[in-house]
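K.L.:
Structural data only, the sequence is not supplied:
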């Protein structure tokens, strides 16, 4: 009888989709992390604390840990000082050219850390083309001042200041105008209001920004790799890289313990953030229109000059130095109208086999990751937001981990999972491009998922219910109704995934193999081999692609507000 | 067209009972309004009928099919019903024609049959020229009509309307009310109409089900609901009835009795089963009250407030006999009553509320205004 089978097919279909999603998320996030933890206590499948004791009793481990903590704290402090100041000025005052400034200020976050490091190295030091041009270069043989703990902190601070800026800016957007007007009406001056009303209410986003910056600094590989390795100043990610690059998979158990250690420190940072925010109630009770900016009056030109000078120092000068270095024929040759050449670009684009492959690989990997992640994110977010599937919600927390934890943690975990051939299939992903794709999918899933989840929250669910009433089953609703409606957010998410993967080095530095190079890896090898002019040329190309893609979002379509960080 | 049976349906959210043993029998082709203040459970009931939520107890039957029990749940896409949402829920990425055609496409209806039916549905709501437009370019009333066309194009057996006029301005509401009424006549579809606006419910429905606090208080025709409310809550909610204590001194069958109110003897309507009692409650309407001179029998009162309402005053007065009983009535212009003035109030008619808890007689809907109505006897709780 029809009544008895009614709904059976629908339920089976939905259940199958849900479990497929659960399986995929579990394989991408739960499996690698579980495998890593397992390796820490039971290397080669037998319970043993030997690796654990070895690593934890080694002086190198604790030196690197100390370096990691010092640079991460220093970098975070600088990022918070710059990021918070800029957020308050941009968010609360009437400076002009806000959108252009935000675009430039957020740009370093989108550019690869190794490119930022390379650019800064070209800005200082004896072989700096820019300083030579100006006649300011230090004597040959003198040490580049950036090869130091301070240098690492400076660059970490510059790289992640936009992160603090973005979280705080988002918080300031929700600040109701009445709260400030009530303060003004009570006779408080703007600076008093800032101190007594704005900053206390902005504690949650500020703390979130601090935690985010700390974890990012801790996990950063590109900056300490470029600035620390030459001076043998090792942090945990670079120590792991050196061990693995030097000794191969035989030290996997050892680096697994190191990965657990750095993962533990990062988790501690996130836990502290949670703890701090739980103590007080910061919920803002009123809702109203956005704030009217404070008028800076006669201070306005000075503030604007200050902000743009900051942009010049942290963005323009390093990029100009990088550009100039990419135009000289060899390291140390001064740039003149006569010596300037495109030959470095020629070489990396047309002659160098690995660089050519890297372009194809990085484009293909990033694009595939972006498309796959968005196609996963749309049904995933459906079950997370509208069906409130408990299982998925729990799993969603786990899915955050590969992104929240430092990239080396995931990379080591991926090696552990794929080192041996896959059971049943007999395929080996290790030493192929596919293990990098796995790494990207696992690490950047959350990056694409978050905007899509945001999109669902903005959608009126009756749009789906209307289709349901019209008789459409879940698969059809997802394709014909939901996908078109969340498309703007999904596109933004895909773009974020693409740009991040395109500029990525941390994961691929540990997972690449001959034939499976990424752009980040090739830039890194050029620089390590002393070919910094080639590195500069390749880096300039990636910066060019990144900026072009970012600019293209300004020209087309409606802004998906609050999703793309560089859109004001 | 199908009969809808809601049988002792219960739904709880945690400790909160959103629906408590709600039973409702909507006849084939009937226009039933579900009326109640916000939070009364009417939207929860609609979502149960549509199948968006699962129920905790009871059962729902549409036509011949049991669609909901605690162990069995036919998903919304298999219920063959239509809904007009309060927000219209038109898909912004489709044209008007694509919106209307969606249900047909899903059901596998092919061209040219599909185009023909879309055209017919749009003609029915007088939107022939708008097929290629996007919903965002339409006015509120036009969007409402597109939603109606979309819901009817698949000829559903049952149509649910969730406060469909709440987002429209007053003028548009009146014309859309006419539209719905004509619609119901033309299609003879069973309709369940959720609203908090009693004027809307009275104008449209064959019968009205009044809900409050997750319970069904009364199901009756609009006229019976107004004239013979089942309890004090319905009496006060519908038409702002005044509920006062009184004593039934004598019964004059069928359905009339003599009541003693604060020393005044009044003849009024009462349930058929009424017996003399000292503890009766009476529902009075403002129209039944009038200010009378000292030569006529009446109850003494003092004016509390006089509000000018254009052409007449609304007088709120406190009865002298009993503390706390506030009545209201209208007084024609000119009127010089100020707060504190002493008046005498005469009572022409009233309705003795049935004993508490008892649901009053629900008669069959009378075929009024040319509307289609079932001739059945209906459910009767008390014999007339």
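P.N.:
Good, I have the coordinates. Keep in mind that what you see is a predicted model, and the values were worked out from it rather than measured.

K.L.:
For the closest residue in space to residue A:194 that isn't next to it in sequence, which residues are in contact?
P.N.:
Once flanking residues are discounted, residue A:194 sits nearest to residue A:88: 6.9 Å by C-beta to C-beta, 6 or more residues apart in numbering or on different chains. In this view, the C-beta of every residue, glycine as well, is placed from N, C-alpha and C. By C-beta atoms under 8 Å, 6 or more residues apart in numbering or on different chains, the contact list for residue A:88 reads A:168, A:172, A:194, A:198.

K.L.:
which helices and strands does the helix or strand containing the second one pack with?
P.N.:
Under the criterion of DSSP states H and E, residue A:172 resides in helix A:149-173. With contacts defined as 3 or more C-beta pairs under 8 Å, 6 or more residues apart in numbering or on different chains; DSSP states H and E, helix A:149-173 has these neighbours: helix A:59-92, helix A:98-110, helix A:113-123, helix A:203-219, helix A:222-227.

K.L.:
That helix: what's the following helix or strand?
P.N.:
Immediately after helix A:149-173, counting by DSSP H and E, sits helix A:177-185.

K.L.:
thinking again about what came up before, who wins for proximity to residue B:14 among the helices and strands packed on helix A:149-173?
P.N.:
Among the helices and strands packed on helix A:149-173, helix A:203-219 comes nearest to residue B:14, with 28.0 Å by C-beta to C-beta.

K.L.:
Measure how that closest one sits relative to helix A:98-110, angle-wise.
P.N.:
40 degrees (axes from the mean of the first three to the mean of the last three C-alpha atoms, to 10 degrees).

K.L.:
tilt between helix A:203-219 and helix A:59-92?
P.N.:
Between the axes of helix A:203-219 and helix A:59-92, defined by the same axes, to 10 degrees, the angle is 140 degrees.

K.L.:
List the buried residues in stretch A:385-395.
P.N.:
The neighbour-count check on stretch A:385-395 (16 or more other C-beta atoms under 10 Å in any protein chain shown) flags A:385, A:389, A:392, A:395 as buried.

K.L.:
OK, contacts around residue 238?
P.N.:
In the absence of a named chain, this looks at chain A. A:64, A:221, A:224, A:225, A:228, A:229 are the contacts of residue A:238 under C-beta under 8 Å, 6+ apart.

K.L.:
look at chain B instead
P.N.:
Residue B:238 touches B:198, B:210, B:225, B:226, B:229, counting by C-beta under 8 Å, 6+ apart.

K.L.:
Quick one, grab the pLDDT at it.
P.N.:
Confidence at residue B:238, expressed as pLDDT, is 89.

K.L.:
ok, back up a step: distance to residue A:425 and mean pLDDT added to the helices and strands packed on helix A:149-173, as CSV?
P.N.:
Shown next, in CSV, are the helices and strands packed on helix A:149-173 (distance: least, C-beta to C-beta, whole Å; pLDDT from 0 to 100):
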stretch, distance to residue A:425, mean pLDDT
helix A:59-92, 37, 92
helix A:98-110, 37, 88
helix A:113-123, 34, 86
helix A:203-219, 32, 88
helix A:222-227, 34, 90
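
K.L.:
Need the ones you listed in a markdown table (columns: distance to residue A:451).
P.N.:
Converted to a markdown table, the helices and strands packed on helix A:149-173 look like this (distance: least, C-beta to C-beta, whole Å):
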| stretch | distance to residue A:451 |
| --- | --- |
| helix A:59-92 | 21 |
| helix A:98-110 | 15 |
| helix A:113-123 | 23 |
| helix A:203-219 | 17 |
| helix A:222-227 | 25 |
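
K.L.:
Which ones among the buried residues of stretch A:385-395 map onto helices?
P.N.:
A:392, A:395 (DSSP state H).

K.L.:
any chance of the buried residues of stretch A:385-395 in CSV, with pLDDT and distance to chain B too?
P.N.:
Below are those laid out as CSV (pLDDT from 0 to 100; distance: C-beta to the nearest C-beta, whole Å):
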residue, pLDDT, distance to chain B
A:385, 87, 15
A:389, 78, 15
A:392, 80, 19
A:395, 78, 23
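
K.L.:
So which of the buried residues of stretch A:385-395 is the closest to residue B:259?
P.N.:
Closest to residue B:259, out of all of the buried residues of stretch A:385-395 and judged by C-beta to C-beta, is residue A:385, at 58.6 Å.

K.L.:
Name the nearest residue to that closest one, ignoring sequence neighbours.
P.N.:
residue A:456 (4.1 Å).

K.L.:
Next, the angle helix A:203-219 makes with the helix holding residue A:172.
P.N.:
Using the same axes, to 10 degrees: helix A:149-173 against helix A:203-219 is 150 degrees.

K.L.:
buried set for helix A:149-173?
P.N.:
A:149, A:151-172.

K.L.:
Next: stretch B:193-211.
P.N.:
So, applying 16+ other C-beta under 10 Å, buried residues of stretch B:193-211: B:193-196, B:198, B:200-211.

K.L.:
Same check on stretch A:484-491?
P.N.:
Using 16+ other C-beta under 10 Å as the test for burial, stretch A:484-491 gives A:485, A:486, A:487, A:488, A:489, A:490, A:491.

K.L.:
So what does residue B:101 look like in phi/psi?
P.N.:
When read as degrees, to the nearest 10, the backbone of residue B:101 gives phi -80, psi -20.

K.L.:
for the lowest-mean-pLDDT helix or strand in chain B, packing partners?
P.N.:
Across the helices and strands of chain B, mean pLDDT, DSSP states H and E gives its lowest value to helix B:170-187, namely a mean of 82. In terms of contacts (3+ C-beta pairs under 8 Å, 6+ apart), helix B:170-187 is packed against helix B:140-152, helix B:198-204.

K.L.:
leaving aside the residues next to it on the chain, what's closest to residue A:333?
P.N.:
Residue A:333 sits nearest to residue A:339 (C-beta to C-beta, 6+ apart), 5.7 Å away.
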